[in-house]
Every structure is written in C-alpha cells, then in structure tokens.
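the sequence and its predicted three-dimensional model are supplied below.
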Amino acid sequence: MTENAVKLSIVIASLYSPTDLKNCLESVLTNEQTEIEIIVADCCLKSKTAEWIDKYSATNFIEFSEKTSLEVLLGTGIARAEGEIIAITDSSCVVAVDWISSILRAHQTEESPVIGGTVEMNESSRGLTNWAAYFCDYGQFMPPAPRGIASAVPGNNLSVKSWALAKGTEYVENEFWKTLWCRRLQSEGIELFSEPTISISWRKNYRLLPFLHRRFQQGRCFAAMRVADEKNSKRILYAAGSIALPILLLFRTISPIIPKRRYFGKLLVSFPVIVLAVVFWSAGEAFGNLAGKGKSCERIN
C-alpha cells in the first residue's frame, strides 16, 4: 500500500447479482467523493464488465472470471487499496447518504483503528429464512446500537486504519477473515469501536436448505481455522464442548436483540429457523474441530 495516497479507500466485494452491485455502488456514489478511491472486486459481472467500467469510470474494477469467495475478493481489494483508511462492504448492502463522512469523522475522533457501524434490515426483504439470516448474522449490530468499545463489529460495515492491517497478516493477505483478524488484534490489546452513525442496510435472499448448508460450512471453517495450530487433545476438547454450543449461540443471538424492541414479530416467527441455524453452525464447529476445514471455507458464500 502507498501510505496516505488517498484519505479513504472503499473496498466492495461483489459476488451476488449485477443489480445488487448497482444498488450498492450507486449508494456509495451519492456520498461525498473527496479524496477517496472505490475498488470493486467482482466475480458476478463477467461479460458485462466493460459496460460497467465505462459507466462507473471513477471506480477501479478487479475482475474474477469465476465464482470467488468473499474473503478472497476482500483480500484482493484490500491489497490494492492505497487509503489511509480502508472501508469494507459487499454488494448485498446499500450505504447511508452520510456513510463516508461518518467514517472519516469517527476515525478523526476515535483512537481505535477498527470501527464498525450498524446494519439495518432492508424492509423490502421477505421470508422467514432471510429474517433468520439477518438476526443470526447482524442482530447484534441492529440499530439502535451503543457508541463505544465493542466486542465485535460487522464485516460488511467495517473501516480500519491501514496500519492495523500489518497485524495478523495471516488473516489479511490473500484472504480477509474479519472475525479471526479482529480477535488477533484484541489479543494484542487493540480495541474495536462501534459508531452507530455509520449505517448501512442489508438484503439477501436465501432458501432454507442452502442457508442451513452455508451455516454448517461457516461453523466448520471457523472452528478449523481457530484450532489449526492446536494439539489433538485440545481439538477433541473443543469438539466435546460443541454439545452445549447451540444453547450458548442461541443466547448470544437473541440477547442483544430483545432490548432493542424492534422486529419482535419477525423474530418470533423466524425463531424456529434461527434454532436450526444455530444447530447447523454448532454441528459444523464440531466437525471442523475434529476433521479440519476441508473445502468448507470455499462454500460459505
């Protein structure tokens, strides 16, 4: 990276539909454009790429000819970024009109190099599986959210000072694994910060069985990467602990949502799907602890 070449780099991972990317990109372009660069790491446009490059001439496109994982897209975009601050999102998201100014303001006032915002559900989304996915992945980041030191930040509404990416490079180079990278920083005493004025909305369409399959693969990939350097005895211990994991994960999923007093009806009707999602993730963790990641990390998007 070229130090301080631009104030802010925005990295967008595009792995869904061209319509999703269009909505995301145009929401970014409605923001103030001073001293920023926009990088789209894309594997969904294919033959339409030339048309898009012409239409969005101020955007730097990195093209992948085949379906590529979110982590590879983000890692490639981050490696290309030249900004003092790097903001990360993906094409399932639409950013608020003051997203860029809120990110810059937060990094001017806060010491933490890692700042996350809130994730709102796009209310045009329908279906219990989509709501269950939102609650499982982003319920803790649903507005209203407190401002201050946080235990976690959302991977699709994240901004970091570029110097922090020199830490935990095994989770940054080639592929960006947000959760494991943040944990590495926290283990070194670097705190994460939540700034609720940095806001996006999220929308994806899931069918039940592919969603549950994705949860299993996520759980397996996460667990396998976490214990990759551990002895077999500790891996077995982790796997045994997976028996109680569904209850723990269900509590972690639901407890941040209830006090917000929003979408309670959606939470209630999607609760059976949330339970299934928690069980499939837990099964994936148990399998990953014992059998390793296999190809699970390539199958989670």
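Everything's here; your move.

okay, CA-based contacts and neighbour counts for the rest of this
Will do.

how about the nearest residue to residue 134, chain neighbours excluded?
residue 121 (6.9 Å; C-alpha to C-alpha, 6 or more residues apart in numbering).

got the contact list for that neighbour?
Residue 121 is in contact with 134, 142, 201-203, counting by C-alpha atoms under 8 Å, 6 or more residues apart in numbering.

how about 7 Å then?
Taking C-alpha atoms under 7 Å, 6 or more residues apart in numbering, we find residue 121 in contact with 134, 201-203.

who does it bridge with?
residue 202 (DSSP bridges).

for residue 270, see how far away it is.
14 Å (C-alpha to C-alpha, to the nearest Å).

remind me, longest helix of this structure?
Longest helix of the chain, by residue count under DSSP state H: helix 264-291.

tell me which strands and helices it is in contact with?
helix 128-138, helix 208-226, helix 232-241, helix 245-254 (3 or more C-alpha pairs under 7 Å, 6 or more residues apart in numbering; DSSP states H and E).

of all those, which lies closest to residue 75?
helix 208-226 (16.6 Å; C-alpha to C-alpha).

which pair of the contacts of residue 121 spans the longest distance?
134 and 201, at 10.6 Å, using C-alpha to C-alpha across the contacts of residue 121.

retrieve the pLDDT associated with residue 5.
The model reports residue 5 with a pLDDT of 67.

wait, I meant residue 189
96.

cool, residue 299 as well?
For residue 299, the model assigns a pLDDT of 81.

what about the strands in the stretch 1-150 of the chain?
Ranges of strands in the stretch 1-150 of the chain, per DSSP state E, counting those that start in this stretch, are 6-14, 36-42, 59-63, 83-90, 93-95, 114-121, 148-150.

would a markdown table of those strands with distance to residue 256 be doable?
Shown next, in a markdown table, are the strands of the stretch 1-150 of the chain (distance: least, C-alpha to C-alpha, whole Å):
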| stretch | distance to residue 256 |
| --- | --- |
| strand 6-14 | 27 |
| strand 36-42 | 32 |
| strand 59-63 | 37 |
| strand 83-90 | 23 |
| strand 93-95 | 22 |
| strand 114-121 | 13 |
| strand 148-150 | 13 |
